[in-house]
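Novice: Predicted model follows, preceded by the sequence.
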Amino acid sequence: MITLSNLSVQFGGHFLFENVNIAIKPQDRIGLIGRNGNGKSTLLRMIAGDQTPEAGTISIPKSTKIGYLRQEIDNDSDKSVWDEAYSALEELRNLEQRMEEITKEISERTDYESDEYTKLIEELTEASEMLAMADASKAEKNIEMILRGLGFKRTDFSRPITEFSGGWQMRVELAKILLRQPDCLLMDEPTNHLDIDSIIWLEGFLKDFSGNLLVVSHDRRFLDAVTNRTIEISKGHVYDANFSYTKFIEYREEVREIQIAQRRNQEKQIAETERYIERFKAKARFASRAQSKQKMIDKVDLIDVDEVDIKSMKFRFPDPPRSGRLVVETKDLDKSYGKIDVLRKIDFAMERGDRVAFVGKNGEGKTTLSKIIAGIEDYEGKLELGHNVSIGYFAQHQAESLHNDATVFEIIDSVATGEMRSKVRTLLGAFLFSGDAVYKKVKVLSGGERARLALAKLMLEPVNFLIMDEPTNHLDMLAKDVLKQALMEYEGTLLVVSHDREFLEGLTNKTFEFRQRQIHEHLGDITEFLNSRSVDDFFEYDSEKDDNSSSGASQTKTQKQRLDKKEFDKEKARLEKKIASLEKEITDLESGKIDMEKRFADPVFYKSPDYNKAQREYDLLASNLKEKNKAWEILSEQLIELG
């Protein structure tokens, strides 16, 4: 168990939290929530050992292995994606090498009854147990499964990690952490760099994760899927309950309503008592009673009502000028980066009032097409904007590219024109920049503050076509709610790229899926889109050629694509059932093998009359285990090929 005792941290002259006590028990899967800047990431850094608390202690058992996914990483590795992922298993490779060394040494020694020989046997047994627990024989399968689940293609495995963007490098880092199988997994905004497919895969992976989990996230769906306990940091206080996010919020509201009712009742009773005192304190006959009641009031502890941080942005998009019926249309649009085709023969159109979501795996062209429509990227083919179309474009990179040495006020004042120049402070106040905060330099702003500032810039001019690329990254939940409500009320045409399912729900009326350089239109919002497809579709492997294939023949469809849905489900269930049965048999055989190895570790047993019989049983067991592992590998390959 990990315990945090009387933990206190200050920042900017005030406490992020003070005298916090938290016990993290086995199987706890904790969602850490709160407004931006309230100390969630700080708490993770302290548990990981990256930061020391000003006061208090953190107690972590020595044997506890911690995995920590930070929001930002610095990776200057020149390894391939596969080699970088495999480096996470360095401990296993060292263990395997040590086992080989011990086995060789044992085969050459004859001092069977010496202490040194006994120690070697014990070390070999311990190493064998550790490898069995870590499923070393399945290491490469696990690497492929995790990399594919996080969105990498097999053809990506051999590419240098330096060829990938920061978001994809973050996925490799996540893969390494998952491969290490930590006892305690700390994750700071893990979904920020993932697409919907990978988020759904990660949810499934974490549901089977056996260790402790602490995750900071502003993704409600993700928190509901993977947590069973929620800790909220709000105004220096910590609120803790054994509920996933949605139930926790309901619980907090219920508790606060009860507190408010109790406080009102208490205040009513105090007011009645004070009226009694005022009425009778001057009368000698009742003075002692009045004094007694006054003492009673003085001793009353007022019922505390949990504080709620409800400070939020206040804005609505300016009324847009009217555009023509057709807003944008493309015909045979192509986009390539060098020899890499991103989009091919794209026919796409939006009409006035359309509300469109772009979804699909990262790297499939969602952001590229949104930039092309916004006039930021070049292209081949035809693109036409409709009559009187004015575009407002927001993307995460805009927030990141704000001039670092400029102040908040200067960023807005430099682009404000006309009557908006007199309303700069009012606009900034609506986005939570007030007082001295308007003179803060961009370089000291948090990710959430930068995103709010970039949104404020978008408000300076009325537009009738909003294009928003991942607008919720770095926004806390309350800010996301305000933005979503503003977009719901927006009367122009909307195109939004997002991986946040809860944010997209009800916001759009069309969903365009990007897949294999094409786009596919689906009527309805993200929920209707997801419901229209089998969840298994999100795990469909690309019908790419095997990395080692030298054939120039055209790629064939995967087995999954050839089977209809019913046949696919039946075959998948059959394979999974057989694999589960084999895994149970393998676990039992491995346990028996370890037990026998413990007997062999006893030097006295070598002189036992049962030794030869036990050796034959051990050889038979080892042979059986090898066959079962081989069968498991074959079935697992079939399941992978199935998709």
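Specialist: Sure thing, it's come through.

Novice: And stretch 508-523, what's buried?
Specialist: Neighbour counts over stretch 508-523 (16 or more other CB atoms under 10 Å) mark 508, 510-514, 517, 519, 522 as buried. (Each C-beta comes from the backbone N, C-alpha and C, glycine too.)

Novice: Quickly check the residues you listed for the two that are furthest apart.
Specialist: Using CB to CB, the two most remote members of those are Thr508 and Arg517, lying 22.5 Å apart.

Novice: Break the chain down into its structural domains.
Specialist: Per the record, the chain has its domains at 75-180, 248-298, 326-539, 565-642, by automatic domain parsing.

Novice: Of all the ones you listed, which one is nearest Ile47?
Specialist: Here domain 75-180 is closest among those (CB to CB), at 14.4 Å.

Novice: most centrally placed residue in this protein?
Specialist: With distances taken as CA atoms, centre = their mean, the residue of the chain nearest its centroid is Pro190 (2.6 Å).

Novice: end-to-end on stretch 504-515?
Specialist: End-to-end distance of stretch 504-515: 19 Å, with CA to CA, to the nearest Å as the criterion.

Novice: I meant stretch 186-204, not that one.
Specialist: Stretch 186-204 has an end-to-end distance of 17 Å (criterion: CA to CA).

Novice: Show the residue spans covered by the strands in the stretch 51-200 of the chain.
Specialist: In the stretch 51-200 of the chain, the strands defined using DSSP state E, counting those that start in this stretch lie at 55-59, 66-69, 184-188.

Novice: Does Thr230 touch Arg29 like I think?
Specialist: No - contact between Thr230 and Arg29 fails when scored by CB atoms under 8 Å: they sit 9.9 Å apart.

Novice: More neighbours: which of the two?
Specialist: The neighbour comparison of Thr230 against Arg29 (other CB atoms under 10 Å) goes to Thr230, with 25 against 20.

Novice: Double-check that that one belongs to a helix.
Specialist: No - with DSSP: H, G, I helix; E, B strand; the rest coil as the criterion, Thr230 is located in strand rather than a helix.

Novice: Tell me who's in contact with it.
Specialist: 30-31, 33, 223, 240-241, 243-245, 248 (CB atoms under 8 Å, 6 or more residues apart in numbering).

Novice: Farthest pair within these?
Specialist: With CB to CB as the measure, no two of the contacts of Thr230 lie farther apart than Leu223 and Asp240, at 14.7 Å.

Novice: Looking at the two, which one has more neighbours?
Specialist: Taking other CB under 10 Å, Leu223 and Asp240 do not tie; Leu223 has more neighbours (25 against 15).

Novice: about what we covered before: redo the buried residues of stretch 508-523 as JSON lines? Include secondary structure.
Specialist: Shown next, in JSON lines, are these (three-state DSSP):
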{"residue": "Thr508", "secondary structure": "coil"}
{"residue": "Lys510", "secondary structure": "strand"}
{"residue": "Thr511", "secondary structure": "strand"}
{"residue": "Phe512", "secondary structure": "strand"}
{"residue": "Glu513", "secondary structure": "strand"}
{"residue": "Phe514", "secondary structure": "strand"}
{"residue": "Arg517", "secondary structure": "coil"}
{"residue": "Ile519", "secondary structure": "strand"}
{"residue": "His522", "secondary structure": "strand"}
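
Novice: which of the residues you listed lies closest to Gly365?
Specialist: Phe514 (5.2 Å).

Novice: Give the bridge partners for that closest one, please.
Specialist: Phe514 has these beta-bridge partners by DSSP bridges: Gly360, Ile519.

Novice: List the contacts of it.
Specialist: 358-361, 364-366, 369.

Novice: Out of those, who's the most crowded?
Specialist: With neighbours taken as other CB under 10 Å, the top of those is Leu369, carrying 27 neighbours.

Novice: my guess is that residue contacts Asp347, does it?
Specialist: No - here Leu369 does not reach Asp347: they are 11.9 Å apart, not a contact under CB under 8 Å.

Novice: who touches both of these two?
Specialist: Listed as contacting both Leu369 and Asp347 by CB under 8 Å, 6+ apart are Leu333.

Novice: part of a helix, is Ser422?
Specialist: Yes - under three-state DSSP, Ser422 sits within a helix.

Novice: hmm, back to that, the domains of the chain: which one's closest to Ile2?
Specialist: Closest to Ile2 of the domains of the chain, according to CB to CB: domain 75-180, at 17.2 Å.

Novice: just to revisit the earlier point, give me the buried entries from the contacts of Thr230.
Specialist: Among the contacts of Thr230, the ones that count as buried by 16+ other CB under 10 Å are 30-31, 33, 223, 243-245, 248.

Novice: Of those, just say which sits nearest to Glu597.
Specialist: Nearest to Glu597 among those, with distances taken as CB to CB, is Ile30, at 37.9 Å.

Novice: residues in contact with the helix or strand hosting the closest one?
Specialist: Assessed by DSSP states H and E, Ile30 sits inside strand 29-33. The contact list for strand 29-33 (CB under 8 Å, 6+ apart) reads 24, 40, 43-44, 206, 209, 212-217, 223, 226-233, 244-245, 248, 477.

Novice: again, 6 Å this time
Specialist: 40, 213-216, 223, 227-232, 245 (CB atoms under 6 Å, 6 or more residues apart in numbering).

Novice: ok, it: who's next to it in the sheet?
Specialist: Applying DSSP bridges, one finds strand 29-33 paired with strand 212-216 (parallel), strand 229-234 (parallel).

Novice: picking up where we left off before, can you list the buried residues of stretch 508-523 in CSV and add pLDDT?
Specialist: Shown next, in CSV, are those (pLDDT from 0 to 100):
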residue, pLDDT
Thr508, 94
Lys510, 93
Thr511, 94
Phe512, 94
Glu513, 92
Phe514, 92
Arg517, 88
Ile519, 92
His522, 90
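
Novice: My read is that Asn192 contacts Leu475, right?
Specialist: No - at 10.7 Å, Asn192 does not count as touching Leu475 under the criterion of CB atoms under 6 Å.

Novice: Quick one: name whatever helix or strand follows the helix or strand of the chain with the lowest mean pLDDT.
Specialist: Lowest by mean pLDDT, DSSP states H and E among the helices and strands of the chain is helix 559-562, with a mean of 45. Scanning forward in sequence from helix 559-562 by DSSP H and E, the next helix or strand is helix 565-600.

Novice: which parts of that following helix are buried?
Specialist: 568, 571-572, 575, 579, 582, 586, 589-590, 593, 596-597, 600.

Novice: Looking at these, spot the one nearest Ile258.
Specialist: For these, the minimum distance to Ile258 (CB to CB) is 48.2 Å, reached by Lys572.

Novice: residues making contact with stretch 274-288?
Specialist: 290, 293-294.

Novice: same question, stretch 9-24
Specialist: Here stretch 9-24 makes contact (CB under 6 Å, 6+ apart) with 2-8, 39, 42, 53-54, 212, 233, 236, 238.

Novice: ok, and which of the strands of the stretch 51-200 of the chain has the densest surroundings?
Specialist: Sort the strands of the stretch 51-200 of the chain by mean neighbour count, taking mean count of other CB atoms under 10 Å, and strand 184-188 sits at the top with a mean of 23.
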